[in-house]
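Q: Everything below, folded, please.
(4 chains)
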Number of protein chains: 2
Amino acid sequence: MLKLSTKGRYGVKAMFDLAQHMGEGPTSLKSIAERQGISEHYLEQLISGLRKAGLVKSVRGAQGGYLLGKEPDKIKIGDIIRVLEGPIAPTDCVSEEDPETCAKAQYCVTRTIWEKVRDSIAEVLDSITLQTMLEDAKKIESERSLYMYYI
Amino acid sequence: MLKLSTKGRYGVKAMFDLAQHMGEGPTSLKSIAERQGISEHYLEQLISGLRKAGLVKSVRGAQGGYLLGKEPDKIKIGDIIRVLEGPIAPTDCVSEEDPETCAKAQYCVTRTIWEKVRDSIAEVLDSITLQTMLEDAKKIESERSLYMYYI
DNA sequence: ACAAATCCCGAGTGTTTTTATAAGATATAA
DNA sequence: TTATATCTTATAAAAACACTCGGGATTTGT
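A: Sure thing, here's the model as predicted:
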């Protein structure tokens, strides 16, 4: 159905939350889960993949938690999605990673459609970084207070 | 996983098959299913939806079958996908049809990402019609015979 | 009139994916 | 040493997916 699963959505929310709390030391899963309204145990599984991919770093023990693995302008939304949902692939025959080879691939007209869909999704997701999101959030916030001012 | 289900893929294949056999009278499900390698009974379910949406017309009885409901340049791939897979909606909060209203929608930064994804998918799918596919197929075929000629 | 071809409709079914939940092991700060 | 966290693995309910099946309705050709 061309739908994102909760993995991707929760993952992006969690990463954005981490970005918003940069410079405050490690952020615990518990606090992320509470702020974002996500099951802590479930988030645990998701962040495990993000850690293995180097998108976050973990600090164990009391007062521990997670930190971004890179600068926010180096983390694309596409990176997060690919870790949590696998390669972008509206169909198996046009997967970003080892596409299922089909004998008719060369002459297949439908295949070219799915390629275009894949590329347009990838282009959007790779054009947005956590930094972009932080800037967007700041902009929305300032517009919001401007509006409040004039009431 | 941002994946298309077989419904959408089979549906587009079947519609393209119908387009390729225009002017030859009604095309039976059986022949479409055979050519495209799809279960006939399953395809029956899918085409039922396409008929109700007016994308195909049916002719009952012996020698019956299906015909395109409109000219091929009037049938967008997006139309077919929406009938078979529902509105384009990478997440429920940005569905093309009655999006799930969320209290934070106005300030939600992730939401704007999913909107962009939705729009880019819709743009691709609505820019391609069955006519486009017929032209692409003809082009590929002529390139293929040209290549054969030079061997 | 009858048989064959074909569309039409709804119910049932096995598999996979999704979305968690739970329990316990490991590590560290205070 | 205790409380706070991360880490790992197992279990499982629910939903979606991809068919499968059976029978009914309609039309054509003999």
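
Q: looking only at pLDDT, what's the mean for stretch A:75-93?
A: Summarised as a single mean, pLDDT over stretch A:75-93 is 97.

Q: Revised request: answer the last question for stretch A:2-20.
A: Mean predicted confidence for stretch A:2-20 is 97.

Q: okay, it in CSV with CA atoms only?
A: Taking Å, rounded to 0.1, in the frame of the first residue of the first chain, the C-alpha atoms of stretch A:2-20 are listed here in CSV:
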residue,chain,number,x,y,z
LEU,A,2,3.0,2.3,-0.3
LYS,A,3,2.7,2.8,3.5
LEU,A,4,5.5,3.4,6.0
SER,A,5,5.4,1.1,9.0
THR,A,6,5.7,2.4,12.5
LYS,A,7,9.3,1.4,12.5
GLY,A,8,10.2,4.2,10.1
ARG,A,9,7.9,6.7,11.6
TYR,A,10,8.9,6.0,15.2
GLY,A,11,12.6,5.9,14.2
VAL,A,12,12.4,9.4,12.5
LYS,A,13,10.6,10.8,15.5
ALA,A,14,13.2,9.3,17.9
MET,A,15,16.1,10.6,15.9
PHE,A,16,14.6,14.1,15.7
ASP,A,17,14.0,14.0,19.4
LEU,A,18,17.7,13.2,19.9
ALA,A,19,18.6,16.0,17.6
GLN,A,20,16.5,18.4,19.6
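
Q: Could you confirm whether that stretch reaches DNA strand C?
A: Yes - counting by C-beta under 7 Å from any atom of the strand, DNA strand C has neighbours in stretch A:2-20: A:5-7. C-beta: built from backbone N, CA, C; applies to glycine.

Q: who does the residue in chain A that DNA strand D sits nearest to bridge with?
A: Distance from DNA strand D to each residue of chain A (C-beta to the nearest atom of the strand) is smallest for A:Ser58, at 3.1 Å. On the basis of DSSP bridges, A:Ser58 is bridged to A:Tyr66.

Q: I figured it was touching A:Tyr66, is that so?
A: Yes - assessed by C-beta atoms under 8 Å, A:Ser58 is found in contact with A:Tyr66 at 5.5 Å.

Q: overlap in contacts of these two?
A: With contacts taken as C-beta atoms under 8 Å, 6 or more residues apart in numbering or on different chains, the residues that reach both A:Ser58 and A:Tyr66 are A:26, A:47, A:51.

Q: any idea how far the nearest residue to A:Leu2 once chain neighbours are set aside lies from A:Val124?
A: Closest residue in space to A:Leu2, ignoring its immediate chain neighbours: B:Leu2 at 5.7 Å, by C-beta to C-beta, 6 or more residues apart in numbering or on different chains. Separation of B:Leu2 from A:Val124 (C-beta to C-beta, to the nearest Å) stands at 11 Å.

Q: And A:Ser58, by the same measure?
A: Counting by C-beta to C-beta - A:Ser58 and A:Val124 are separated by 29 Å.

Q: These two - which one has more neighbours?
A: Higher neighbour count among A:Ser58 and A:Val124: A:Val124, with 21 against 15, using other C-beta atoms under 10 Å in any protein chain shown.
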